[in-house]
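A.B. asks: model this:
(one chain, ligands or ions: 1)
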Amino acid sequence: MALRRRAARAARSAREPGGTVLRVLQPLELPAGPAVLEARRDLLALLDGDAAYLPLPVGDDAETQRLSHALALGEPIDDDAALVVSTSGTTGTPKGAVHTAASLRASATATADVLGGPGSWLLALPPHHIAGLQVMLRSLAAGHDPVVLDLAAGFDPSALPGLVAAMPGDRRYTSLVPTQLRKALDVPAAVAALGRLDAVLVGGAATPPALLARALDAGLPIVRTYGMSETAGGCVYDGVPLPGATVRIDGSGGAEPGRVVLGGATLARGYRNMPDHPAFAEPGWFRTDDLGVLDDGVLRIVGRADEAITTGGLTVVPQVVETVLGEMPGVADCAILGVPDERLGEKVVAVIVPVPGARRPGLDDVREFVSDRLDRYAAPRAVFTVGELPLRGPGKVNRRALRERFA
Ligand SMILES: O=C(O)CCC(=O)c1ccccc1C(=O)O
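C.D. replies: Numbers count the residues shown, from 1 in each chain. As a prediction, this is how the structure comes out:
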């Protein structure tokens, strides 16, 4: 296979004149299905700190090429690097978070401590992203092969009962993204199977409150996880930092949301070949793109820093206003945007999908509803109605498209 040849050639060329062999970044080809277990030996070597791997999605040649080039597959890497895992961005040049065996093991240990002990894991996520990788690494670190759900034809919840029944050990866990949880809740046998697990981690995106309530009502042991490739996956469970993880909020005055900054033993060293990246500028800390608040040590994520609106010098987080406005009678769905404004810099604008047949909420109604519940400056200064909101990716509102249309 071309990748292996390339890596082997690079490994030879990395042999120094003195005869020492430099560590090079090797490919870890991971199919999305039970064949992923063929990577067991490499995954164990990774956990032991014996080699450095770049996980690649088998069957997705374009993504494999993109990651191999951007993250310098086959090129030298620090001796203690064990894993380069790409961050979730799908546009631009991918960034690779560099982990040591120590940061990955710290994550596996902290997870086991909080969930009630090491256990076996059901893999239902793509194996080359951090969440799926961690499912496999936690399971292998606990001495169990993961049980693998075949994702070749998409996520099929009706496979869950048989797979859960096949899981070894006395603690059993899985990780899902919110859209998978939603699908599973529609299949009673899948709900029963998930209910037999000791924890179902849900992360990768915010879990909508209604979905969380449905899952908890169904008796599922849901744990909401917050983290990213740079923190070896979730480092905050249900708002509470894992043992050894630290959370700081920067630029916040008390209840005001500020930038979430994360620290602790699970942090990546930095990004592959980007020594000056500002997110890792402060030693021991990673500056996220998220805005959050800490209430009594419990972290609540309120939105993205790059989506915050600055209006008259004050910061409005769109997601906070959307949550409030979403509860207004007559509003089926909504998005909040900042559009350029001469006086304010940006002004807050609401785009509303009205409930069919209901009276359309007007500007005055909307302003009153929002300013009764939030600071007055968060109240929209214009309201537009649409039939549906444009989306990008899995359920995310395309704010840019809306901004272009309503600016
Ligand atoms: O997707 C990411 O970048 C991090 C999210 C993540 O790690 C995760 C996503 C879904 C379920 C469990 C987990 C986890 O914390 O391991």
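
A.B. asks: so which residues of the stretch 201-350 of the chain form strands?
C.D. replies: 222-228, 233-237, 240-241, 245-250, 258-264, 270-271, 285-295, 298-304, 309-311, 314-316, 331-341, 345-354 (DSSP state E, counting those that start in this stretch).

A.B. asks: so which of the ones you listed comes closest to the ligand?
C.D. replies: Distances from the ligand to each of the strands of the stretch 201-350 of the chain were compared using CB to the nearest ligand atom; the minimum, 2.4 Å, belongs to strand 233-237. Placement of C-beta: from N, CA and C, glycine included.

A.B. asks: report the angle between that closest one and strand 298-304.
C.D. replies: 130 degrees (axes from the mean of the first three to the mean of the last three CA atoms, to 10 degrees).

A.B. asks: what helices or strands is strand 233-237 leaning on?
C.D. replies: helix 101-115, helix 130-141, strand 222-228, strand 245-250, strand 258-264 (3 or more CB pairs under 8 Å, 6 or more residues apart in numbering; DSSP states H and E).

A.B. asks: again, only this time at 10 Å
C.D. replies: Counting contacts by 3 or more CB pairs under 10 Å, 6 or more residues apart in numbering; DSSP states H and E, strand 233-237 is packed against helix 101-115, helix 130-141, strand 199-202, strand 222-228, strand 245-250, strand 258-264, strand 298-304.

A.B. asks: so what strands line up beside it?
C.D. replies: Strand pairing for strand 233-237, determined by DSSP bridges: strand 222-228 (antiparallel), strand 240-241 (antiparallel).

A.B. asks: what's the neighbour count on the closest residue to the ligand within the stretch 1-150 of the chain?
C.D. replies: With CB to the nearest ligand atom as the measure, residue 131 is the residue of the stretch 1-150 of the chain nearest to the ligand, at 3.4 Å. By the criterion of other CB atoms under 10 Å, residue 131 has 24 neighbours.

A.B. asks: for residue 151, see how far away it is.
C.D. replies: 13 Å (CB to CB, to the nearest Å).

A.B. asks: okay, and the common contacts of these two?
C.D. replies: 123-125 (CB atoms under 10 Å, 6 or more residues apart in numbering).

A.B. asks: reformat these as JSON lines; add secondary structure.
C.D. replies: Shown next, in JSON lines, are the shared contacts of residue 131 and residue 151 (DSSP: H, G, I helix; E, B strand; the rest coil):
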{"residue": "123", "secondary structure": "strand"}
{"residue": "124", "secondary structure": "coil"}
{"residue": "125", "secondary structure": "coil"}
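
A.B. asks: follow-up on the earlier one: out of the helices and strands packed on strand 233-237, which one sits most buried?
C.D. replies: Comparing these by mean neighbour count (mean count of other CB atoms under 10 Å), helix 130-141 ranks first with a mean of 25.
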